[in-house]
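Q: Here you go, sequence then predicted model.
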Amino acid sequence: MARISLCNQLIPSLLVPMKQRNHHQLMGVIGLTRGRRFSASSSPKISMSLKAGIVGLPNVGKSTLFNAVVENGKAQAANFPFCTIEPNVGIVAVPDPRLNVLSDLSKSQRVVPASLELVDIAGLVKGASQGEGLGNKFLSNIREVDSILQVVRCFEDNDVVHVNGKVDPKDDIDVINLELIFSDLDQIEKRMEKLKKSKTKDSQSKLKEESERSGLERIQQALMDGKPARSVTLTDSENESIKHLCLLTMKPVIYVANVAESDLAEPGENPHVKEVMNLASELQCGLVTISAQVESELTELPSEERTEFLESLGVSESGLGNLIRTTYGVLGLRTYFTSGEKETKAWTILAGMTAPQAAGVIHSDFEKGFIRAETVSYDDFVAAGSLAAARERGVLRSEGKEYIVQEGDVMLFRFNV
Ligand SMILES: Nc1ncnc2c1ncn2[C@@H]1O[C@H](COP(=O)(O)OP(=O)(O)OP(=O)(O)O)[C@@H](O)[C@H]1O
Ligand SMILES: [Mg+2]
């Protein structure tokens, strides 16, 4: 079911027990994320946080981008007072215009967007997988993220030093990819040694180990050919058995072409960007063009001056919304909503999740005691104006345990505890 391996936990760790018993309609929960508590009575609540790591060579604009996104995320979602957990980890809201529409219709007291956690990882250099430039430490930081945003320098500026002396996106991408590949090869080798020595007798575990071994052998071959692990088609059991290794080249990648402000209006004219575009499609990666410098300057401006500045550069909006939405999409995530007077909230699930699993994202009790879900598509909800009106029109459906939650569903769960 889950198409991607998420090393970072997907389901929110713990939720405070519900006070009431028996049949409930869901609403108002309290979530704990990474040891931080966001109570229902104070405004910020974070449903499920997935990590995206900003990766790249040194001095390509990673921190500039991180600061702009996090600063902007804060400004956009003032309901995240704990935005920055550590200096280089920030939480950003996933912009979604549907939230305000739903909130207006339901006259909600607050809006809670889905969120992403962004990690600014230090620059990698050639030899990182052998420990060069603290490489092993940085590579282990990458192991903990769910997706990789690889910043690729596409701007020329003699005042900004390039570690390899010239702007060359293909070379830069190759350096990073090779280090990730080396690191995975190293890890696979160690794991294979362990599996060789395994004395497992029980047949179930033996089968598992067999799956792991065959999966790893195929990945190893691909890596030796310079291809990422994600390019290998694995069986479900192979996929499952290798998940625990959190292989770096298994993670989805988005290239972030960092361009000069003069290239923002027509990025396709820049030969460096063209090169990154070709590589992105060849390597099945996402692509976003952005100017980290411009985004960072935008955060310094009062909001009324931002549009003017963007217009002077020939663009109509900041690239950050697109970057965050693309990251969310590349992770194979879907959004469903709950919407009522108290709040309208976007919940994050994986594509293919059933109604009970989606309910479990809010609270594990909702999954255990799931009875049914009342659900209506976003468009039908908006046309009707409310859940009650949707029910009267006959567009609010009652769905059971097998229902696969669809993008944009507005849901109400009935459950028993
Ligand atoms: N699009 C751009 N156009 C021009 N200059 C830029 C652009 N993006 C970033 N820079 C400049 O590049 C320099 C390096 O940026 P930054 O510190 O963000 O890099 P970094 O990748 O985080 O580096 P490190 O790996 O060393 O932490 C800064 O001076 C920044 O202003
Ligand atoms: Mg930096």
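A: Received the coordinates, thanks. Numbering: from 1, shown residues only. Ligands and ions are numbered 1, 2, ... in the order given.
Q: buried stuff in stretch 215-222?
A: 215-216, 218-220, 222 (16 or more other C-beta atoms under 10 Å). Using the backbone N, CA and C atoms, a C-beta is placed for each residue, glycine as well.
Q: can you give me how far that stretch is from the chain middle?
A: 26 Å (C-alpha atoms, centre = their mean, to the nearest Å).
Q: Looking at that stretch now, give me its mean pLDDT.
A: Averaged over stretch 215-222, pLDDT sits at 97.
Q: For the residue in the chain that ligand 2 sits nearest to, which residues are in contact?
A: Here the residue of the chain nearest ligand 2 is residue 63; by C-beta to the ion that distance is 3.2 Å. Residue 63 makes contacts with 88, 120, as judged by C-beta atoms under 8 Å, 6 or more residues apart in numbering.
Q: per-residue pLDDT, it?
A: 87.
Q: which stretch of helix or strand covers it?
A: helix 62-76 (DSSP states H and E).
Q: Confirm that residue 159 lies within a helix, as I assumed.
A: No - counting by DSSP: H, G, I helix; E, B strand; the rest coil, residue 159 falls outside a helix, being coil.
Q: Tell me the pLDDT of it.
A: Confidence at residue 159, expressed as pLDDT, is 82.
Q: and it, how many neighbours?
A: Using other C-beta atoms under 10 Å, the number of residues around residue 159 comes to 4.
Q: now residue 206
A: Neighbours of residue 206 using other C-beta under 10 Å come to 12.
Q: ok, it - contacts?
A: Contacts of residue 206 by C-beta under 8 Å, 6+ apart are residue 200.
Q: Read off the pLDDT value for it.
A: pLDDT, residue 206: 89.
Q: Helix, strand, or coil at it?
A: Quick answer, by three-state DSSP: residue 206 is helix.
Q: just to revisit the earlier point, gap between the residue of the chain closest to ligand 2 and residue 390?
A: Per C-beta to C-beta, to the nearest Å, residue 63 is found 46 Å from residue 390.
Q: Residue 119 now?
A: Applying C-beta to C-beta, the value for residue 119 to residue 390 is 40 Å.
Q: Same question for residue 361.
A: 22 Å.
Q: cool, and residue 261?
A: 47 Å.
Q: Same question for residue 380.
A: Taking C-beta to C-beta, one finds residue 380 at 6 Å from residue 390.
Q: More neighbours: these two, which one.
A: residue 390 (22 against 19).
Q: name the element that one belongs to?
A: Counting by DSSP H and E, residue 390 is part of helix 387-393.
Q: Off-centre distance for that helix?
A: The answer for helix 387-393 is 34 Å, by C-alpha atoms, centre = their mean.
Q: Heading C-terminal from that helix, find the next helix or strand.
A: strand 397-399.
Q: Sketch out the low-pLDDT regions of the stretch 1-150 of the chain for me.
A: Along the stretch 1-150 of the chain, segments meeting pLDDT under 70 span 1-49, 71-87, 132-135.
Q: That one against ligand 1: which residues are in contact?
A: 56, 58-64, 122-123 (C-beta under 6 Å from any ligand atom).
Q: Out of these, who's the most crowded?
A: residue 60 (28 neighbours).
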